[in-house]
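>>> Okay, sequence plus prediction incoming.
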Amino acid sequence: MALMDGKCCIVTGGAGSIGLASAALLLSEGAKVMLVDRSQGDLDQAAAGLDGGDVLTAAADVTDAVDTQGYISQAMEAWGQLDVLFSNAGLSGTNAPITDYPEDIFDEVIDVNVKGSFLALKYAIPQMTSGGSIIVTSSIMGVLARPNSVGYITSKHALVGMVRCVAREVAAQNIRVNILAPGPTDNDFQATIEDRISKTMGIDATEMLNKQMIPLGRHAAPEEIARSVLFLASDQSSFSTGSVFMADGGWNA
């Protein structure tokens with residue numbers, strides 16, 4: 001029997017590399033998966049790249065309560081149950097000291113990264129089955145910090161607090177809630193961050209991370225992060241809740 005047989009899963013940020021790699025792995029283990037992202041075109045392209053399985057897509061603004069209720073209702077109408085929520089949508093913002101950090105970008109990062117997960121949990125939890133699992137993507141920067149990234153780092157630290165609170169609230173319902181904290185991953189999201197750091201600091205940020213910060217000496221592949229998602233989504237992690245699971249190549253060691 002596959003690890004996810006009969007499980008119904010929602011993945012926000014589903015058209016991005018980690019969301020899509022996670023969806024592919026969940027599907028391969030027998031799950032049904034809904035991909036949620038902003039653009040239906042991106043979702044169609046992402047779904048077309050998946051190797052079969054039961055896949056739904058929903059274009060939604062994760063910061064909007066009506067859109068959030070909409071994709072959850074769509075999943076429930078199709079499947080009649082919800083076992084896994086992977087709240088993975090996120091923005092990186094920009095790089096600037098706090099005195100120069102644009103207020104509108106700060107607001108946008110907090111809206112997507114924090115409010116987006118808040119709304120997903122708020123409306124998904126009442127629909128989740130006993131034994132369900134919620135996974136929220138934070139970051140290595142949810143437990144550490146660097147200068148000139150106040151929006152991103154504030155949001156990712158906030159998610160750790162949110163998960164710890166909610167994990168205690170829903171434990172009696174036999175629903176688990178955990179943080180996944182990836183380190184630098186080989187994808188466009190991380191490349192954009194590193195390009196900004198490189199320009200701000202006048203260095204090769206990718207080389208600096210691999211040679212100085214990440215003990216394993218490299219970035220993760222999205223598929224490696226997806227294996228942590230599978231563990232947290234499946235019954236293999238049945239006694240884990242309220243925790244921060246690092247997938248960071250040893251950076252936080």
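All right, it came through fine.

>>> Where do the helices of the stretch 101-250 of the chain begin and end?
Here the stretch 101-250 of the chain has its helices, by DSSP state H, counting those that start in this stretch, at 103-110, 116-124, 150-170, 188-201, 205-208, 222-233.

>>> Quick one: closest of those helices to residue 2.
Of all the helices of the stretch 101-250 of the chain, the one in closest proximity to residue 2, counting by Cβ to Cβ, is helix 222-233 (10.5 Å). (C-beta placed from N, C-alpha, C; glycine too.)

>>> Give me the distance from the closest one to the chain's centre.
Put simply, helix 222-233 sits 11 Å off its chain's centre (Cα atoms, centre = their mean, to the nearest Å).

>>> Then stretch 180-200?
15 Å.

>>> Can you give the contact residues for it?
Residues from elsewhere that reach stretch 180-200, judged by Cβ atoms under 8 Å, 6 or more residues apart in numbering: 16-18, 90, 92, 94-95, 135-140, 142-143, 148, 203-206, 209, 214, 219-222, 225, 228-229, 232, 244-249, 251-252.

>>> and if you look at stretch 205-215?
With contact meaning Cβ under 8 Å, 6+ apart, stretch 205-215 is reached by 183-184, 191, 193-195, 197-198, 217-219, 248-251, 253.

>>> buried sites along that stretch?
Residues of stretch 205-215 classed as buried by neighbour count (16 or more other Cβ atoms under 10 Å): 205, 206, 209, 210, 213, 214.

>>> Can you tell me how far the first one is from residue 92?
Read it as residue 205. Distance from residue 205 to residue 92, counting by Cβ to Cβ, to the nearest Å: 13 Å.

>>> Just the buried residues of the contacts of stretch 180-200.
In terms of neighbour count (16+ other Cβ under 10 Å), the buried residues within the contacts of stretch 180-200 are 16-18, 90, 92, 94-95, 135-140, 142-143, 148, 205-206, 209, 214, 219-220, 222, 225, 228-229, 232, 244-249, 251.

>>> about what we covered before: what's the closest of the helices of the stretch 101-250 of the chain to residue 52?
Minimum separation from residue 52 across the helices of the stretch 101-250 of the chain (Cβ to Cβ) falls at helix 222-233, 17.2 Å.

>>> other SSEs contacting that closest one?
Packed against helix 222-233 by the contact rule (3 or more Cβ pairs under 8 Å, 6 or more residues apart in numbering; DSSP states H and E) you find helix 17-28, strand 82-87, strand 128-137, strand 176-182, strand 244-247.

>>> and the angle from the helix or strand following the longest one to helix 17-28?
This means helix 17-28. Tracing the chain C-terminally past helix 17-28 and defining elements by DSSP states H and E, one meets strand 32-37 next. Using axes from the mean of the first three to the mean of the last three Cα atoms, to 10 degrees, the direction of strand 32-37 lies 170 degrees away from that of helix 17-28.

>>> Cool, thanks, talk later.
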